[in-house]
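Undergrad: Fold the following and give me the result.
(3 chains)
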Amino acid sequence: MVTGYLQNSLNNIRIMPELPEVEVVTQGLRPHLVGKKIVSFWHSGKPLRYPVPFGKIKQEMLEKTITTVTRRAKFLQITLDSGAELIIHLGMTGNLGFFGKKSRRKPHTHLEWDLDNGKVLRYQDVRRFGSAKMLTAAEAKNKEKTIFCNVGPEPFSPAFTATYLQTRAKKRSISVKQFLMTNQIVCGIGNIYANESLFHAGINPRTPAKNLSQQQWSFLVQKIRDVLTHAIECGGSTISDFLNAGQKSGYFQINFAVYGKNGQKCSHCQAIIEKQVIAGRASYYCPQCQKR
DNA sequence: CAAGTTACCTGACGGC
DNA sequence: TGCCGTCAGGTAACTT
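TA: Reported below is the predicted structural model:
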């Protein structure tokens, strides 16, 4: 299984689904879902972040064929030939994987779709921080104005520029790290990639957002894209595991530079990486490379 | 409007 | 051995 509660073999920490993980899941699911018809749907009865709209999912998905599987922010979007869309968020510990129809459900399985090829798609989520939202075709047409109205630009979109960030940061005294993790500013960046991007850009995570120069924002935009791209590439090598989800475990082979590495030497300058809590979140940085 | 705090949820882990 | 407190963090609701 490739997302959620999995171990990073190099850093020995668990990977949380941020943009790269959701992107990899999307790419991994796509070839196995597009063109398949949903023949039945099951739900554990337990709520996720919100109650699961069981009836609406059945209504909109049964006997429909999947046409596209895409990502928006940290959401997975599964579109049907009717135009209806299922929007899934993995939360902290969500997993999606394929299993044989008769296989035993693993603990914490909450959603299950039977496909017309004899496989089942299952959603597991230990902590139930994830969500599943069903949009009718009409609702799906308006989604950018409704459910995504507060979601900032994608890090890879042309709208995500140094000028944009500097404008949004003008009156913001919060730390640049917390700023980056704000979904209304830019979507998809969670704690791990905020830490990593700031390290590679040489910016201290505590620096107030409004204090960054145009040059620093510009460098940061570039580093965010580099870090996310690298992570997606690393995750991509584990995509084949989707076919055997449940039997094999895949790893994101990412060697983080600072995340989870407090007490260890910085790969760039050999100084000792420090850990501090910023806005309630574990933050890791090199005191030598990230002075301002 | 900005910023800070809390709740949600469960498993892993350290201390005693 | 087992009990208890703490931590992990995406998101939204709430307070200041």
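Undergrad: List the buried residues for the longest helix belonging to chain A?
TA: The longest helix of chain A (DSSP state H) is helix A:214-236. Going by neighbour count (16 or more other C-beta atoms under 10 Å), the buried part of helix A:214-236 is A:216-221, A:223-224, A:227-228, A:231-232, A:234-236. All C-beta spots, glycine's among them, are computed from the backbone N, C-alpha and C.
Undergrad: Out of these, flag the one nearest to DNA strand B.
TA: residue A:217 (16.4 Å; C-beta to the nearest atom of the strand).
Undergrad: what's the pLDDT at that closest one?
TA: On pLDDT, residue A:217 comes in at 96.
Undergrad: Next one: residue A:233 relative to DNA strand B, how far apart?
TA: According to C-beta to the nearest atom of the strand, to the nearest Å, residue A:233 and DNA strand B sit 28 Å apart.
Undergrad: How about the residues of chain A by DNA strand C?
TA: A:16-18, A:49, A:73-74, A:89, A:91-92, A:127, A:129, A:150, A:181, A:183, A:190-192, A:277, A:281-282 (C-beta under 7 Å from any atom of the strand).
Undergrad: Please, a PyMOL command that selects the buried ones among these?
TA: Burial among the residues of chain A next to DNA strand C is assessed by 16+ other C-beta under 10 Å; the matching PyMOL selection reads:
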select buried, chain A and resi 16+17+18+49+73+74+89+91+92+181+190+191+192+281
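Undergrad: Check the residues of chain A next to DNA strand C one by one and keep those near DNA strand B.
TA: Filtering the residues of chain A next to DNA strand C for proximity to DNA strand B by C-beta under 7 Å from any atom of the strand leaves A:49, A:92, A:127, A:129.
Undergrad: just for the stretch 101-250 of chain A, where's the confidence low?
TA: In the predicted model of the stretch 101-250 of chain A, residues A:236-250 satisfy pLDDT under 70.
Undergrad: which parts of chain A sit against DNA strand B?
TA: Counting by C-beta under 7 Å from any atom of the strand, the residues of chain A near DNA strand B are A:47, A:49, A:92, A:107-108, A:126-129, A:171-174, A:178, A:279-280.
Undergrad: Please indicate which of those residues are buried?
TA: For the residues of chain A next to DNA strand B, buried by 16+ other C-beta under 10 Å: A:49, A:92, A:108, A:126, A:128, A:172, A:178.
Undergrad: can those residues go into JSON lines with extra columns for secondary structure?
TA: JSON lines is the format used below for these (DSSP: H, G, I helix; E, B strand; the rest coil):
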{"residue": "A:49", "secondary structure": "coil"}
{"residue": "A:92", "secondary structure": "coil"}
{"residue": "A:108", "secondary structure": "coil"}
{"residue": "A:126", "secondary structure": "coil"}
{"residue": "A:128", "secondary structure": "coil"}
{"residue": "A:172", "secondary structure": "coil"}
{"residue": "A:178", "secondary structure": "helix"}
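Undergrad: Give me the spatial nearest neighbour of whichever residue of chain A sits closest to DNA strand C, chain neighbours excluded.
TA: Going by C-beta to the nearest atom of the strand, DNA strand C is nearest to residue A:190 of chain A, at 2.8 Å. Once flanking residues are discounted, residue A:190 sits nearest to residue A:18: 4.0 Å by C-beta to C-beta, 6 or more residues apart in numbering.
Undergrad: ok, that neighbour - contacts?
TA: Contacts of residue A:18 were listed using C-beta atoms under 8 Å, 6 or more residues apart in numbering, and they are A:74, A:188-190, A:192-193.
Undergrad: Please tabulate these in a markdown table and include distance to residue A:26 as additional columns.
TA: Formatted as a markdown table, these follow (distance: C-beta to C-beta, whole Å):
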| residue | distance to residue A:26 |
| --- | --- |
| A:74 | 11 |
| A:188 | 12 |
| A:189 | 17 |
| A:190 | 16 |
| A:192 | 18 |
| A:193 | 17 |
